[in-house]
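[1] Can you look at this prediction? I've put the sequence above it.
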Amino acid sequence: MADYVTTPKTSDTIKSLWKLEKIILNTLDFKEVVQKICDSMLSELGYLKLGYRIIVLTLADEKKGVLRRISLSQTPEAAKAQAASAIPFHDIEIPLNAQKNLLIQTLHERKPHSTHYWPDIFTPVLTPEQAIANQKASGIKTSMLYPVTIQDKTLGVLIFSMVKNLEEVSEAEEDLIRGFTDVVGLAVQNAKLYTTLSETTQKLDKANKRLQELDKLKDDFVSMASHELRTPMTAIKSYLWMALNKKKAELSEDLNRYLGRAYHSTERLISLVNDMLNISRIESGRIALKLGEVDPVELVHEVVEEVIPKATELQLNVKVIERKVSKVLIDKDKIHEVVINLIGNSLKFTKPGGTVSVTFDEKPPFVYISVTDTGVGMAKEDMQKLFKKFSMIEHSYTAASTSGGTGLGLYISKSIVTLHKGDITAYSPGLEKGSTFTVSLPITGTSTALELQKEAPKVTEDSKGLEKKRLGYI
């Protein structure tokens, strides 16, 4: 008997198979897995001593309709076969419909085959002469072909090539090879899934970075465009105001009406630009908070003084129901605009003779400011849509606001309050039954206020210019 034959004991088969499983399944990278498949039996289990010289893993590529050679054992015999081949190893692709090829038969029949004649496994890619030249260069006598399967699906074929005859292969060797091909099926499937997941994750990461870049470009564009648009529109508004305030005798009735319409349209356009600029700042994290202790009751009185002329014009009553509450930690200018927006909404959607009331409550760590009106109200199912950007709600605050505003004010207000660790909520008993908007603000000295003080975006030299600009109205 040849000196390379050292038949393993049957009792060692399970132990050897467990060792191979540990080696192969310990890696999830596809390239590493397929190379370990072809090397592990030869290097780890000493199958070189048993006459095995070349192990090849082939996998079916359903999209291309071919059986591709994936990996090859790193042995002198394999190197010689490659050197003698007319076609590079990885370029050898056997069509899945090549029924005369023994590899394809093994794949379809899902049972082992063997051959001592390499044209059987290279047709039709190589000529018989080319295949025999490869075989002679490597010194291989016999090749055994085993299907690689998992869950009743054949993934490919493993080729075990030896420098001995088929009759010299022991039962223990065959048992180990059969068990090995089962492990290979699992390893290939796991590696494919992992590699696909990794590639998908990389693509998603790349796409996400690109989206972030595009989002920043969008914010920069909106910011730049808003700044550029606001200046000429403000000038137009000023000239229109001067024209409208000339002596009535100098303007015809039609011209006065046209100028008035242009003036109000310019106001709405400036409001939209301001809102877009504020959204850009908020969403890009470029809005800073100048925090300080503020008496919320005093803040509300300041707002009410500003809106009283408008309320009188609309024949509406505005009431502040005072109650002693704690001071809050806020950016006074920004919350001032939030409150004036909410009261302004109530004035806009309340009929003449109606009332807008402002009340206070305190439940640590928040002070609550509620603006209640006797206006148009809202349907229950629509309230959850209120604070969304560009949301449209029929018979509601948002729908009505599109005629005289941008429909972005509530979204901006909620974003600002959220920056303060607070919230804005809305409640309405139903249509024509009025509404209540409640703002929660952190009480000075509470854990929420301390957290805000620690995390809030600070006013820096770069942001001082932004702090001088007030937020636009709803």
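    It's in. Residues are numbered from 1 along each chain as shown.
[2] secondary structure element for the most centrally placed residue in the chain?
    Nearest to the mean C-alpha position of the chain, by Cα atoms, centre = their mean, lies residue 208 at 6.2 Å. In this assignment (DSSP states H and E), residue 208 forms part of helix 171-244.
[3] what's the span of stretch 78-98 from first residue to last?
    In stretch 78-98, first residue to last residue: 24 Å (Cα to Cα, to the nearest Å).
[4] In which helix or strand does residue 330 reside?
    Applying DSSP H and E, one finds residue 330 within strand 328-331.
[5] low-confidence ranges in the stretch 201-350 of the chain?
    Residue ranges of the stretch 201-350 of the chain with pLDDT under 70: 215-231, 247-249, 275, 277, 280-281, 283-286.
[6] Identify each buried residue in stretch 58-74, please.
    58, 59, 60, 66, 67, 68, 69, 70, 71, 72, 73 (16 or more other Cβ atoms under 10 Å). C-beta coordinates here come from the backbone N, C-alpha and C atoms, glycine included.
[7] does the second one count as helix, strand or coil?
    It refers to residue 59. strand (DSSP: H, G, I helix; E, B strand; the rest coil).
[8] Can you tell me who it pairs with across the strands?
    When bridges are called by DSSP bridges, residue 59 pairs up with residue 68, residue 156.
[9] Was I right to think it contacts residue 156?
    Yes - with contacts counted by Cβ atoms under 8 Å, residue 59 reaches residue 156, the gap being 3.7 Å.
[10] Give me the common contacts of these two.
    Here residue 59 and residue 156 share the contacting residues 67, 70, 148, 188, scored by Cβ atoms under 8 Å, 6 or more residues apart in numbering.
[11] quick one: least confident of those residues?
    Lowest pLDDT among the shared contacts of residue 59 and residue 156: residue 188, with 77.
[12] Find the nearest non-adjacent residue to that residue, please.
    Nearest non-adjacent residue to residue 188, counting by Cβ to Cβ, 6 or more residues apart in numbering: residue 155, 5.7 Å away.
[13] what ranges do the strands span in this structure?
    52-61, 66-72, 93-95, 113-115, 142-150, 153-162, 291-294, 317-320, 328-331, 355-363, 366-373, 423-427, 435-442 (DSSP state E).
[14] Please tell me how far the second one is from the chain's geometric centre.
    Once both centres are worked out by Cα atoms, centre = their mean, to the nearest Å, strand 66-72 turns out to sit 35 Å from its chain's centre.
[15] orientation of that strand relative to strand 153-162 in degrees?
    50 degrees (axes from the mean of the first three to the mean of the last three Cα atoms, to 10 degrees).
[16] Strand 66-72 - contacts with which helices or strands?
    On a contact count with 3 or more Cβ pairs under 8 Å, 6 or more residues apart in numbering; DSSP states H and E, strand 66-72 meets helix 30-44, strand 52-61, strand 93-95, helix 102-109, strand 153-162.
[17] at 6 Å what do you get?
    Applying 3 or more Cβ pairs under 6 Å, 6 or more residues apart in numbering; DSSP states H and E, one finds that strand 66-72 contacts helix 30-44, strand 52-61, strand 93-95.
[18] Residues contacting it, please?
    34-35, 38, 56-61, 78, 89, 92-95, 103 (Cβ atoms under 6 Å, 6 or more residues apart in numbering).
[19] Most widely separated two among the buried residues of stretch 58-74?
    66 and 73 (21.6 Å; Cβ to Cβ).
[20] May I see the buried residues of stretch 132-146?
    133, 134, 135, 137, 138, 140, 141, 142, 143, 144, 145, 146.
[21] what do you get for stretch 416-432?
    So for stretch 416-432, counting by 16+ other Cβ under 10 Å, buried means 416, 417, 419, 420, 421, 422, 424, 426, 428.
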